[in-house]
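> A structural model of the following input is requested.
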Amino acid sequence: MSDVQDDPATAPGTRIDIVSDAICPWCYIGKRHLAGALAILAEEGLHFSIRWNPFQLNPEMPAEGVARSAYRTAKFGSAARAAELDANVTQAAAAAGLDFHLDRIARTPNTIDAHRLIWLGGRNGEQDALTEALFAAYFTEGADIGDRAVLAAIAGQAGLDPVQVARFLDDGAMVEETRAADRAAREAGVNGVPSFFLDGYALFSGAMPAAQMAEAFRRGNAVLRQRAAAE
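Alright, predicted model coming up:
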């Protein structure tokens, strides 16, 4: 994904912000579709910078998380319904080239620390790689991404210093800023993820196919460039 960058673009209509949660399966699927969309657009000479922004699907989740099976049974009414939904999303993931093993996930975590880590990845030019590593660890390996030691190890795999990451997480940096960003997304109308913005303008929500994503970004880019030219 050579066209994915962490630094903001300066040209109008070229910065994509994605609002997502690290435990949202459709966000991982959407990320894979985004890669396809960026490849299509790159062939047309259109290049975009990418920034990942926090949203907690479960903002009231206890810091230690909860048992996933019990949580999903309560949320969806029965273990059978929860299993059906897992099967559906696993099939959608496979169609996008992703290998989900949701049966390996023991706990549904609180994701505030994962979002803090994604922010840190952006500061170090590794945000996209770190986001990918978090998704893969959770959905493929079943890792507990609410555990700070696990997060530090994942960060090390993505190119960050795990010792420095552990220190950052334990210091509590960016907790309130992350919660404020989550609230700002909700105030901006985000009620589902992934949600995609172009230069701050809401475009769409959901993991739509790559070709449809590319068309949405193409049109948004054209509109914003026209507005800039008219100013």
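
> remind me, longest helix of this structure?
Of all the segments assigned as helix in the chain under DSSP state H, the longest by residue count is helix 210-230.

> what's the average pLDDT for that one?
Helix 210-230 shows an average pLDDT of 96 in the prediction.

> That one - contacts with which helices or strands?
If contacts are counted by 3 or more CB pairs under 8 Å, 6 or more residues apart in numbering; DSSP states H and E, helix 210-230 sits against helix 25-43, strand 195-198, strand 201-205. Just so you know, the C-beta spots here come from the backbone N, C-alpha and C atoms, and that holds for glycine as well.

> Tell me what angle that helix forms with helix 25-43.
Compare the direction of helix 210-230 with that of helix 25-43 by axes from the mean of the first three to the mean of the last three CA atoms, to 10 degrees and you get 60 degrees.

> Mind listing what's buried along helix 210-230?
By neighbour count, with 16 or more other CB atoms under 10 Å as the criterion, the buried positions of helix 210-230 are 210, 213-214, 216-218, 220-221, 224.

> can you redo the helices and strands packed on helix 210-230 as a markdown table with mean neighbour count and mean pLDDT?
A markdown table is the format used below for these (neighbours: other CB atoms under 10 Å; pLDDT from 0 to 100):
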| stretch | mean neighbour count | mean pLDDT |
| --- | --- | --- |
| helix 25-43 | 21 | 98 |
| strand 195-198 | 22 | 98 |
| strand 201-205 | 15 | 96 |
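
> Turn these into CSV, including distance to S49.
Shown next, in CSV, are the helices and strands packed on helix 210-230 (distance: least, CB to CB, whole Å):
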stretch, distance to S49
helix 25-43, 10
strand 195-198, 11
strand 201-205, 15
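
> returning to that earlier point: from the buried residues of helix 210-230, which two are the most distant?
With distances taken as CB to CB, the most widely separated pair in these is A210 and L224, at 20.9 Å.
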